[in-house]
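Undergrad: Compute the structure for the input listed below.
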Amino acid sequence: IRVNTVHPTGVNTPMIVNDFIARMLPSTDARLQNALPVEMVEPVDVSNAIVWLASEEARYVTGVSLPVDAGFLQR
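TA: This is a model prediction of the structure:
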(Lines give C-alpha, C1' and ligand atoms only; values in the text may rest on other atoms or scores of the structure.)
Protein backbone atom coordinates (compact mmCIF):
# COMPACT_ATOMS: atom_id res chain seq x y z
CA ILE A 1 0.00 0.00 0.00
CA ARG A 2 1.35 3.43 -0.93
CA VAL A 3 -0.10 6.50 0.67
CA ASN A 4 0.44 10.21 0.27
CA THR A 5 0.94 12.21 3.44
CA VAL A 6 0.84 15.94 4.11
CA HIS A 7 3.31 17.47 6.57
CA PRO A 8 2.55 21.07 7.51
CA THR A 9 4.56 23.47 9.60
CA GLY A 10 2.67 25.37 12.31
CA VAL A 11 -0.86 26.11 11.17
CA ASN A 12 -2.74 29.19 12.34
CA THR A 13 -5.44 27.34 14.32
CA PRO A 14 -6.54 27.36 17.97
CA MET A 15 -4.46 24.20 18.50
CA ILE A 16 -1.30 26.33 18.11
CA VAL A 17 -2.50 29.89 18.72
CA ASN A 18 -3.66 29.76 22.35
CA ASP A 19 -2.61 30.94 25.81
CA PHE A 20 -1.02 27.61 26.81
CA ILE A 21 1.33 27.53 23.83
CA ALA A 22 2.11 31.24 24.30
CA ARG A 23 3.24 30.50 27.87
CA MET A 24 5.32 27.52 26.74
CA LEU A 25 7.13 29.53 24.05
CA PRO A 26 7.49 33.02 25.50
CA SER A 27 10.60 34.03 23.57
CA THR A 28 10.66 34.85 19.88
CA ASP A 29 13.67 32.51 19.49
CA ALA A 30 11.47 29.49 20.17
CA ARG A 31 8.93 30.33 17.47
CA LEU A 32 8.76 28.48 14.20
CA GLN A 33 11.39 29.76 11.85
CA ASN A 34 10.26 29.04 8.31
CA ALA A 35 12.49 29.85 5.34
CA LEU A 36 9.68 31.91 3.83
CA PRO A 37 8.69 35.12 5.63
CA VAL A 38 5.58 33.67 7.30
CA GLU A 39 5.33 32.54 10.90
CA MET A 40 2.54 30.03 10.23
CA VAL A 41 0.59 28.77 7.26
CA GLU A 42 -3.17 29.16 7.06
CA PRO A 43 -5.53 26.17 7.21
CA VAL A 44 -6.60 26.83 3.62
CA ASP A 45 -3.01 26.25 2.47
CA VAL A 46 -3.02 22.74 3.93
CA SER A 47 -6.54 22.10 2.63
CA ASN A 48 -5.53 23.13 -0.89
CA ALA A 49 -2.66 20.63 -0.84
CA ILE A 50 -5.03 17.86 0.25
CA VAL A 51 -7.60 18.82 -2.40
CA TRP A 52 -4.85 18.70 -5.04
CA LEU A 53 -3.67 15.26 -3.86
CA ALA A 54 -7.26 13.98 -4.07
CA SER A 55 -7.80 15.49 -7.52
CA GLU A 56 -7.42 13.96 -10.94
CA GLU A 57 -4.36 16.19 -11.48
CA ALA A 58 -2.41 14.16 -8.91
CA ARG A 59 -3.57 10.76 -10.19
CA TYR A 60 -0.01 9.52 -10.70
CA VAL A 61 1.37 10.88 -7.42
CA THR A 62 1.89 7.93 -5.07
CA GLY A 63 3.82 7.42 -1.88
CA VAL A 64 4.81 11.05 -1.45
CA SER A 65 5.39 13.05 1.73
CA LEU A 66 4.19 16.52 0.77
CA PRO A 67 5.56 19.30 2.98
CA VAL A 68 3.37 22.37 3.31
CA ASP A 69 5.92 23.99 5.53
CA ALA A 70 6.93 27.40 4.13
CA GLY A 71 10.44 26.02 3.70
CA PHE A 72 10.89 24.90 7.33
CA LEU A 73 12.69 21.69 6.32
CA GLN A 74 15.02 23.59 4.00
CA ARG A 75 16.50 25.82 6.70
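
Undergrad: Leu73 looks like it's in a helix, true?
TA: Yes - under DSSP: H, G, I helix; E, B strand; the rest coil, Leu73 falls within a helix.

Undergrad: secondary structure class for the closest residue to it other than its chain neighbours?
TA: Leaving aside its sequence neighbours, Leu73 sits nearest to Pro67 (Cβ to Cβ, 6 or more residues apart in numbering; 5.6 Å). (Glycine included, C-beta is placed from N, CA and C.) Per three-state DSSP, the secondary structure class of Pro67 is strand.

Undergrad: Please report the distance of Pro67 from Arg23.
TA: To Arg23, Pro67 is 28 Å away according to Cβ to Cβ, to the nearest Å.

Undergrad: who has more neighbours, the two?
TA: Pro67 (16 against 8; other Cβ atoms under 10 Å).

Undergrad: Number of residues surrounding Thr13?
TA: Neighbours around Thr13, by other Cβ under 10 Å: 12.

Undergrad: Now do the contacts for the nearest residue to Asn34 once chain neighbours are set aside.
TA: Nearest in space to Asn34, with sequence neighbours left out and distances taken as Cβ to Cβ, 6+ apart, is Ala70 at 3.6 Å. Ala70 is in contact with Thr9, Asn34, Ala35, Leu36, Val38, Val41, counting by Cβ atoms under 8 Å, 6 or more residues apart in numbering.

Undergrad: Make a ChimeraX selection of the buried ones in those residues.
TA: Per 16 or more other Cβ atoms under 10 Å, the buried members of those correspond to this ChimeraX selection:
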select :9,34,41
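
Undergrad: farthest pair in the contacts of Ala70?
TA: Ala35 and Val41 (12.4 Å; Cβ to Cβ).

Undergrad: The longest helix along the chain - contacts with which helices or strands?
TA: The single longest helix within the chain, with elements called by DSSP state H, is helix 43-54. Packing contacts for helix 43-54, counted by 3 or more Cβ pairs under 8 Å, 6 or more residues apart in numbering; DSSP states H and E, involve strand 5-8, strand 65-68.
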